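A.B. asks: Attaching a predicted model along with its sequence, questions to come.
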Amino acid sequence: MLIHLPGRAVQWARVFIHPALKQGATAVDATAGNGHDTLFLAGSVGPGGRVYAIDIQEEAIGNIKKRLEAAGLGDRVTLIRGGHQEMDRLVGTTVDAVMFNLGYLPGSDQSVTTGPDTTREGIKAALRIINPGGRISVVVYTGHRGSRAEAGEVANLLACLDPKYYSVQKMLFWNSRGHSPELYFVTRTGNEK
Ligand code: SAH
């Protein structure tokens with residue numbers, strides 16, 4: 001079988017998340033932005049599935065709505081303008097997959113970035129609602145201002161997860177000439193807790 005290895009961080013995140021998206025699955029795009037991951041999730045969960053797409057920017061939500069309608073996938077996506085730190089309340093159900101793609105929206109106002117505290121709380125909220133066997137991807141960018149503090153929060157939080165219940169992998173672009181993104185792949189393994 002020919003395997004096409006992905007070159008970009010977001011593509012690796014999709015490779016990791018995909019096995020958690022059976023037909024009828026429930027998934028969250030925690031940083032919906034321009035909607036590319038939302039489209040990927042909506043396409044993968046099938047007609048009986050549900051995707052919650054969260055973003056704090058009204059503009060992002062409007063763009064995604066158009067994109068989903070053009071793709072005929074609007075009916076299986078719930079668009080939420082809000083902060084992912086309140087994900088458990090906003091989504092109100094357990095889920096099979098959550099994707100975080102942090103930083104700022106490319107081509108938009110770079111002052112609206114994800115931040116250390118809301119990102120930490122968002123990941124904690126995702127950990128509360130993820131089903132056994134479910135997967136969480138976190139793509140952290142490290143080049144922009146404030147990104148070091150955010151990367152530190154993510155690293156510390158995920159290092160502390162009990163290996164009895166969670167498996168966590170970290171991936172870097174080792175020979176990158178700039179600031180490598182940091183990818184975290186979390187699987188909820190245990191049945192309890
Ligand atoms: N840097 C990435 C894109 C990140 S988009 C890339 O290169 O592909 C990050 C998105 O998160 C933005 O659309 C922003 O509006 C959103 N965001 C920021 N803080 C948020 C929060 N607390 N809750 C939900 N979305 C948030």
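C.D. replies: Here it is on my side, so go on.
A.B. asks: Can you show me the strands along the chain?
C.D. replies: Applying DSSP state E to the chain gives strands spanning 26-29, 50-55, 77-81, 95-101, 130-140, 166-172, 182-188.
A.B. asks: Give the rounded mean pLDDT of stretch 33-46.
C.D. replies: Mean pLDDT, computed over stretch 33-46, is 96.
A.B. asks: Report the buried residues of it.
C.D. replies: 33-35, 37-42, 44-45 (16 or more other Cβ atoms under 10 Å). Quick note: C-beta positions are derived from backbone N, CA and C, even for glycine.
A.B. asks: Between the strands of the chain, which one is closest to Ala13.
C.D. replies: Judged by Cβ to Cβ, the one of the strands of the chain that comes nearest to Ala13 is strand 130-140, at 4.0 Å.
A.B. asks: Can you tell me the strand partners of the closest one and which way each runs?
C.D. replies: strand 95-101 (parallel), strand 182-188 (antiparallel) (DSSP bridges).
A.B. asks: got any ranges where this structure has weak pLDDT?
C.D. replies: Along the chain, segments meeting pLDDT under 70 span 1-5, 191-193.
A.B. asks: interface residues of it facing the ligand?
C.D. replies: 10, 31, 33, 54-57, 60, 83-85, 101, 103-106, 112, 114, 118, 141 (Cβ under 6 Å from any ligand atom).
A.B. asks: Whichever of these count as buried, I'd like them selected in ChimeraX; how would that read?
C.D. replies: Those of the residues of the chain next to the ligand that count as buried under 16+ other Cβ under 10 Å are selected in ChimeraX with:
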select :10,31,33,54,55,56,60,83,84,85,101,103,104,105,114,118,141
